[in-house]
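*Asks:* here is a sequence together with a model predicted from it:
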Amino acid sequence: MKNKRGIAMPFNWIFAIIAGVVILFLAIYGISRYISTSEYQISTETAAKLAGLLEPMGTGLASGKSYVINFKKDTRTYYDCSDAGVWGKNTIAFSEKTFGGWGEKGGKINTKKYVFADEIIEGKQLNLFSKPFKMPFKIDDIIVISGRDYCFYQASNEIKDEVQGLGIENIYFSDDLKNCSGVKVCFGSNAGCDISVYGMCEGYNCENKYDYGKIIKKGKSLYYDSSLIYAAIMSSPEIYECNLKRLMKRFAELSDVYIDKIKIIKMKGCDSNVEADLNIMKAMAGSLETSEDLFVLSQEAEKINAKNQGAVCGLW
């Protein structure tokens, strides 16, 4: 007669082991899901806080503002831009380094600010500064975010004064390329440079030749006007071109406001001589395809601004 108890005991043990493995797997899976969900939530909330910090960066009557944000851990911030819709938008996402590598990237947070940055910035510090962008009137403030050091080689005195006046901590100056560290930005040169800046502004309306020009980086040419020089240097070409289209959309909206203002001052017996020019520039801004079209717009803006300054009733 066979011993059935001897067969039953191993089966009970096998069943207990299998059940234990299943329970352990479910526990680990549950914990990992909880950690993943927590990481996603925390990262999304951090991106929302970062977007919130951009709100008070409007310059108002100031020529610009600069800030530094420090993190306790290594972080990655992600930036994107879309020019779809009436205003377009920028998005910001966030993740931070954990013991197992990089934590889960959080959800994208939308902002209507004009944020110029690389697609991914990695490190424990973010350098931010804002500058008003005018063409010919103030269109809005642009915000530039970077995480690397930049060495400006042979920059003009006007650019040195502006950067130092803003207190931007991650931009340095050198007249010796061998002493440059970080991203090498060369003015009027391309030998041994990561980024080259060429000033193209000439004539009595130019404070210096770098008021307008082009920047060569990553094999692409980006054209800038006035304060956009820093945005072109420190942001990805794709984000730069996208935000430029967004700024032109805002210009078109503000042009309508000024055209309505012309009608109001006409009722008070005061005329303006820029309405036709504003309509022309509005059409040009609406058809802008790349930053290369910016030069013609810049010239038109200078003409309109000169007319406005000479008018009895100025619009801005």
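*Replies:* Done, it's in. A quick note: this is a predicted structure, and the numbers were derived from the prediction, not measured.
*Asks:* residue 211 reaches residue 201, doesn't it?
*Replies:* Yes. Using C-beta atoms under 8 Å, residue 211 makes contact with residue 201 at a distance of 4.1 Å. Using the backbone N, CA and C atoms, a C-beta is placed for each residue, glycine as well.
*Asks:* the two - which one has more neighbours?
*Replies:* It is residue 211, of residue 211 and residue 201, that has more neighbours when counted by other C-beta atoms under 10 Å, with 22 against 17.
*Asks:* quick one: residues contacting that one.
*Replies:* The contact partners of residue 211, taken as C-beta atoms under 8 Å, 6 or more residues apart in numbering, are 199, 201, 205, 225-226.
*Asks:* packing partners for the helix or strand harbouring residue 308?
*Replies:* For residue 308, the host element (DSSP states H and E) is helix 294-310. With contacts defined as 3 or more C-beta pairs under 8 Å, 6 or more residues apart in numbering; DSSP states H and E, helix 294-310 has these neighbours: strand 220-225, helix 275-286.
*Asks:* quick one: mean pLDDT over the first one.
*Replies:* When you say that, I think you mean strand 220-225. Within the predicted structure, the mean pLDDT of strand 220-225 is 96.
*Asks:* cool, and the last one?
*Replies:* Here helix 275-286 scores 94 as its mean pLDDT.
*Asks:* which other residues reach that helix?
*Replies:* Here helix 275-286 has contacts from 248-249, 251-252, 255-256, 258-259, 262, 293, 296-297, 300-301, 303-304, 307, using C-beta under 8 Å, 6+ apart.
*Asks:* and if we set it to 7 Å?
*Replies:* Residues outside helix 275-286 that contact it (C-beta atoms under 7 Å, 6 or more residues apart in numbering): 248, 251-252, 255, 258-259, 262, 296-297, 300-301, 303-304, 307.
*Asks:* for the first one, same thing?
*Replies:* Outside strand 220-225, the residues that touch it by C-beta under 7 Å, 6+ apart are 135, 212-215, 232, 237, 240, 291-292, 294-295, 298.
*Asks:* next, the buried residues of that strand.
*Replies:* Of all the residues in strand 220-225, those buried under the rule 16 or more other C-beta atoms under 10 Å are 222-225.
*Asks:* quick one on the thing from earlier: how much does the helix holding residue 308 deviate in direction from helix 275-286?
*Replies:* 160 degrees (axes from the mean of the first three to the mean of the last three C-alpha atoms, to 10 degrees).
*Asks:* what's the pLDDT at residue 48?
*Replies:* Predicted confidence (pLDDT) at residue 48: the value is 94.
*Asks:* if you could redo that for residue 63, that was the one I meant.
*Replies:* Residue 63 is assigned a predicted lDDT (pLDDT) of 73.
*Asks:* three-state assignment of it?
*Replies:* At residue 63 the chain is in coil, as set by DSSP: H, G, I helix; E, B strand; the rest coil.
*Asks:* for burial, what's the neighbour tally of it?
*Replies:* Residue crowding around residue 63 was assessed by other C-beta under 10 Å; the count is 12.
*Asks:* against residue 63, how distant is the spatially most central residue of the chain?
*Replies:* Among the residues of the chain, residue 116 comes closest to the average C-alpha position under C-alpha atoms, centre = their mean, at 1.7 Å. Distance, residue 116 to residue 63, using C-beta to C-beta, to the nearest Å: 17 Å.
*Asks:* just the buried members of the contacts of helix 275-286?
*Replies:* Burial by neighbour count, judged by 16+ other C-beta under 10 Å, picks out 248, 251-252, 255, 258-259, 262, 297, 300-301, 303-304, 307 from those.
*Asks:* same list (those) but as JSON lines, adding distance to residue 108 and pLDDT.
*Replies:* Rendered in JSON lines, the data for the buried ones among the contacts of helix 275-286 read as follows (distance: C-beta to C-beta, whole Å; pLDDT from 0 to 100):
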{"residue": "248", "distance to residue 108": "24", "pLDDT": "97"}
{"residue": "251", "distance to residue 108": "26", "pLDDT": "97"}
{"residue": "252", "distance to residue 108": "26", "pLDDT": "94"}
{"residue": "255", "distance to residue 108": "31", "pLDDT": "96"}
{"residue": "258", "distance to residue 108": "34", "pLDDT": "95"}
{"residue": "259", "distance to residue 108": "36", "pLDDT": "93"}
{"residue": "262", "distance to residue 108": "40", "pLDDT": "92"}
{"residue": "297", "distance to residue 108": "31", "pLDDT": "94"}
{"residue": "300", "distance to residue 108": "36", "pLDDT": "93"}
{"residue": "301", "distance to residue 108": "33", "pLDDT": "94"}
{"residue": "303", "distance to residue 108": "40", "pLDDT": "92"}
{"residue": "304", "distance to residue 108": "37", "pLDDT": "95"}
{"residue": "307", "distance to residue 108": "43", "pLDDT": "92"}
